[in-house]
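Colleague: Fold the following.
(chains A and B)
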There are 2 protein chains.
Amino acid sequence: MNKVITKRTEDYSKWYLDVIEAADLAEYGPVKGTMIIKPYGYAIWENIQKLLDKKIKDTGHKNMYFPLLIPKSFFAKEASHVDGFAKECAVVTHYRLKNDENGQIVVDETAKLEEELIIRPTSETIINNSFSQWVKSWRDLPILINQWANVMRWEMRTRPFLRTSEFLWQEGHTAHSTKAEAEKEAKKMLKVYKELVEKKLAMSVVAGKKSDSEKFAGALHTYTIEAMMQDGKALQSATSHNLGQNFAKAFETKYLDQENKFQYVWQTSWGMSTRIIGGLIMTHSDDNGLVLPPAIAPIKVVIVPILKNNEDNAKVLDFVKKLKTGVKECEIDYRPELSAGAKFNEWEKKGVPIRLEVGPKDIENNSVVLVRRDKLSKENVKVTELAATIKKTLLDIQNYLTEQAVNVRLQKTKTVDNWDDFVKEINNNNFVLAHWSGDREVEQKIKQETSATIRCIPFDQAPELGKCVYSGKVSKKRVLFAKAY
Amino acid sequence: MNKVITKRTEDYSKWYLDVIEAADLAEYGPVKGTMIIKPYGYAIWENIQKLLDKKIKDTGHKNMYFPLLIPKSFFAKEASHVDGFAKECAVVTHYRLKNDENGQIVVDETAKLEEELIIRPTSETIINNSFSQWVKSWRDLPILINQWANVMRWEMRTRPFLRTSEFLWQEGHTAHSTKAEAEKEAKKMLKVYKELVEKKLAMSVVAGKKSDSEKFAGALHTYTIEAMMQDGKALQSATSHNLGQNFAKAFETKYLDQENKFQYVWQTSWGMSTRIIGGLIMTHSDDNGLVLPPAIAPIKVVIVPILKNNEDNAKVLDFVKKLKTGVKECEIDYRPELSAGAKFNEWEKKGVPIRLEVGPKDIENNSVVLVRRDKLSKENVKVTELAATIKKTLLDIQNYLTEQAVNVRLQKTKTVDNWDDFVKEINNNNFVLAHWSGDREVEQKIKQETSATIRCIPFDQAPELGKCVYSGKVSKKRVLFAKAY
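Modeller: Now for the predicted structure:
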């Protein structure tokens, strides 16, 4: 509770970990790379889930659940997929433990699985195995499904939310009868993510297409939203893949079309994970701790009664109980063992958008002190105007955080036309819009020399002839380079 | 869709599988013992989740998330727990695959874990590992948390919903400063389950305490609700455990009390899983397929327009679109490729509580035909009275299903006082209330001779002196025996 938060300018990376600890969002689990999501962090995830789940259902998808364990052989079917994913995975080889002669618990070697099972890193393979059985005719299409699940990718360098071996996510999977329909679906779901992230999480993102070397292992195209963090690095916030017929061919997912001919289905998959909470933290928080946009804050308003002597205390407690905030997500902090100052500090670290401070003097004026977490500004508000002021202020905070995120991104996005400027702006931790010829080798060299990767080829740009910033070759579009999490 | 359902009297076990297939609730996954929960089945689970999650939060618990993988050594700490659970578990031994010299994908032996990891069969151990770090003083108590998660117990004989190696559940975990508080908590949560199961799932249960041999591995007491299935077998529907200090001692979960002395915490855990859907099916469904209580039905009302010739069709479709059912969970089945009869059949199999049939003649009378799924009865309802009739009928169905479940249980519960009657009534697939001396050996012998187990020692009974039905020894209470799933 008395956690001191490192300043961003001092050590950004430590600041991030400190904010998480100070707000009590998560901590490391006992197994390397795992994370325990604590109640306050999980409540943020539940709020994001609720909003996203509604959007997923409103766009016609149904939730279901596929098994956690995938037979190893499924991964061998789609060649690029196994290279990209299956190799760094948790492998289940046995299904029993026993006591050895010394009474120690050991793996029972007689209970070895015939075929090893992989804890899902993503579910395209196991889902295609089912789709191939479910799809018979064009009438069975489209299939539009989603699942909320845990997945696991063995990671050596981990960080809470941003990179953990197990994480929580939703993965949507669809099958269509035409390429155009799959393409439309992939773009539609990216738009769903973009709206959620911009309007509710108040983050600022660039939507676009991944370069071939950065796309999902097994996809035709990957679409992405790339958010800018306060340190100028990019965070891939959600992706949506047009899988083409790659998995359909690997799993023989075919249908009889209206002319009675067999056709492979066209597919998409798309996902957003608990990683987004890392992005949320790094977009809004400050040296005092977490800052949360009201739209996803588990607690929107906290009331701290200032208790000084016993005579006043009853009056203050009675007064705060009667306050009408008009907000359901409102808590009163009664804890007698903590000073008001300690409470202010704690709620500030937890990023609660509005804090109300109420002492004996405020009661005399029939008012309360309202503190905004984003600007840390204070104002006196008459009790009669409290609900209206809170409503307006929550909207103000949401808008202010959104604007601030957009401003940071625009200020730290540089359009450059030569290599020296490119290196300079990347080293200054900016997003850089530069021409690129489309040459994979060049992309690789830029990465080696500057650590910058192509985050996406932004949708929102007019065609523009130019020269590749590295090779000088002809280019028709600018792409977004940045260092990334 | 044209699935023929085996009659219950013919083969009850096959009937169960047929109902699941006909309603498209779930199917087996590619790995033995796993299950794919299909959209309609998952929607039922989501409805149960939503109701239960609210009750869990309303009783002061917060959701959070602990990792899937538990170090093997954690299981060694609580002796009875490892015997009961950890031995039939999925064991992760490696974290990488590779291509061998033949290009086959194989486990990379260089990526062997130092300590094997177990896929959680339940989370007491990993949670106590955290509790032992979080709890310092009496001020930190109680801890009241819950998680929604997947768990895995390696099962050789599996059945959809009832017994699958992976299943979905919630597990609540609490820590308290006194034994009395833990006992109160364990009983409170059993009551939460009982109310949900009786009022929303319309099932009929007996609440009570497990005998020592049937209690949770590591618990002091296990409380249970035992539901009666239509075949007279019992289904353990949810359990709540008073864990005493067993895990606290194993993990050193201690706090400083108000006298500054170290004390071990007192704990509970409690869970309900996707297994309950199996119980729901076997309580209400009939030879025509699934029957769902309105309170948890994903679709409460389905409207089937009867389309005969093109001229009328437009009129019928226009009419059904304008119908005011007053119910959000209402669907209109427009599919042109299916006959009305085929649609009636399908929705009957899916257990939708109310079906509205609308043809040209109904339009002339400004009425619709309302069919109740529970009684399969039909009535004409004037359009002007439709919303009110639906509201009343949904309540009626909920009540009727509840009563029916209670009646079946009462009719098939026999109080017996001698061994011959005991054997006869157990063989007739009844619940049997009989005296038992408390002797573990007797319990074992009864199980061997009749397959009946003690489902619980019911709460709701007056003290009654008697003689053990098997041994003749003195007994103070009756216990509930039954064959069980």
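
Colleague: Can you give me the distance of residue A:438 to chain B?
Modeller: Noted for residue A:438: a distance of 30 Å to chain B, by CB to the nearest CB, to the nearest Å. To be clear about C-beta, it is placed using only N, CA and C from the backbone, and glycine gets the same treatment.

Colleague: Now that residue: closest residue in space, sequence neighbours ignored.
Modeller: Spatially, and ignoring its direct neighbours in sequence, residue A:438 is nearest to residue A:475 (7.2 Å; CB to CB, 6 or more residues apart in numbering or on different chains).

Colleague: go on, residue A:383?
Modeller: Excluding the flanking residues, the one nearest residue A:383 by CB to CB, 6+ apart is residue A:366, at 5.1 Å.

Colleague: Kindly report the same for residue A:365.
Modeller: Using CB to CB, 6+ apart, the closest residue to residue A:365 is residue A:380 (7.2 Å).

Colleague: hang on, the earlier thing: number of nearby residues for the residue nearest to residue A:383?
Modeller: Neighbours of residue A:366 under the rule other CB atoms under 10 Å in any protein chain shown: 10.

Colleague: OK, contacts around residue A:197?
Modeller: Applying CB atoms under 8 Å, 6 or more residues apart in numbering or on different chains, we find residue A:197 in contact with A:203, A:205, A:225, A:227, A:237, A:238, A:276, A:279.

Colleague: Return the member of those residues nearest to residue B:187.
Modeller: Distance to residue B:187 across these (CB to CB) is lowest for residue A:276, with 39.5 Å.

Colleague: Neighbour count, distance to chain B and pLDDT added to the contacts of residue A:197, as JSON lines?
Modeller: Formatted as JSON lines, the contacts of residue A:197 follow (neighbours: other CB atoms under 10 Å in any protein chain shown; distance: CB to the nearest CB, whole Å; pLDDT from 0 to 100):
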{"residue": "A:203", "neighbour count": "28", "distance to chain B": "22", "pLDDT": "98"}
{"residue": "A:205", "neighbour count": "26", "distance to chain B": "26", "pLDDT": "98"}
{"residue": "A:225", "neighbour count": "27", "distance to chain B": "24", "pLDDT": "98"}
{"residue": "A:227", "neighbour count": "27", "distance to chain B": "23", "pLDDT": "98"}
{"residue": "A:237", "neighbour count": "26", "distance to chain B": "20", "pLDDT": "98"}
{"residue": "A:238", "neighbour count": "28", "distance to chain B": "20", "pLDDT": "98"}
{"residue": "A:276", "neighbour count": "26", "distance to chain B": "15", "pLDDT": "98"}
{"residue": "A:279", "neighbour count": "26", "distance to chain B": "18", "pLDDT": "98"}
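
Colleague: So which of those are in strands?
Modeller: Those of the contacts of residue A:197 mapping onto strands are A:205, A:225, A:227, A:237, A:238, per DSSP state E.

Colleague: Next, the contact list for the closest residue in space to the second one that isn't next to it in sequence, please.
Modeller: Residue nearest to residue A:225 in three dimensions, not counting chain neighbours: residue A:205, with 4.0 Å by CB to CB, 6+ apart. Taking CB under 8 Å, 6+ apart, we find residue A:205 in contact with A:194, A:197, A:198, A:225, A:226, A:227, A:228, A:237.

Colleague: Residue A:425 versus residue A:205, what's the distance?
Modeller: 19 Å (CB to CB, to the nearest Å).

Colleague: and what of residue A:355?
Modeller: Residue A:355 is 39 Å from residue A:425, by CB to CB.

Colleague: and if you look at residue A:62?
Modeller: Per CB to CB, residue A:62 is found 45 Å from residue A:425.

Colleague: okay, the two: which has more neighbours?
Modeller: Per other CB under 10 Å, whichever of residue A:62 and residue A:425 has more neighbours is residue A:425, with 24 against 17.

Colleague: Quick one: check stretch A:149-169 for contact with chain B.
Modeller: Yes: applying CB under 8 Å from any CB of the partner chain, one finds stretch A:149-169 in contact with chain B at A:149, A:150, A:152, A:154, A:166, A:168.

Colleague: okay, now residue A:288: neighbour count?
Modeller: Residues lying near residue A:288 (other CB under 10 Å) number 15.

Colleague: so it sits right up against residue A:375, yeah?
Modeller: No: Residue A:288 lies out of contact with residue A:375 (CB atoms under 8 Å); the separation is 11.5 Å.

Colleague: Distance from the chain centre to the helix or strand where residue A:283 lies, please.
Modeller: Per DSSP states H and E, residue A:283 falls inside helix A:275-284. Computed by CA atoms, centre = their mean, to the nearest Å, the chain-centroid distance of helix A:275-284 equals 7 Å.

Colleague: Output the residue of the stretch 101-250 of chain A whose distance to chain B is smallest.
Modeller: Of all residues in the stretch 101-250 of chain A, the one sitting closest to chain B is residue A:154 (4.3 Å; CB to the nearest CB).

Colleague: Looks to me like that residue is in a strand.
Modeller: No: Residue A:154: not assigned to a strand; according to DSSP: H, G, I helix; E, B strand; the rest coil it is coil.

Colleague: Thanks again, I'm all set now.
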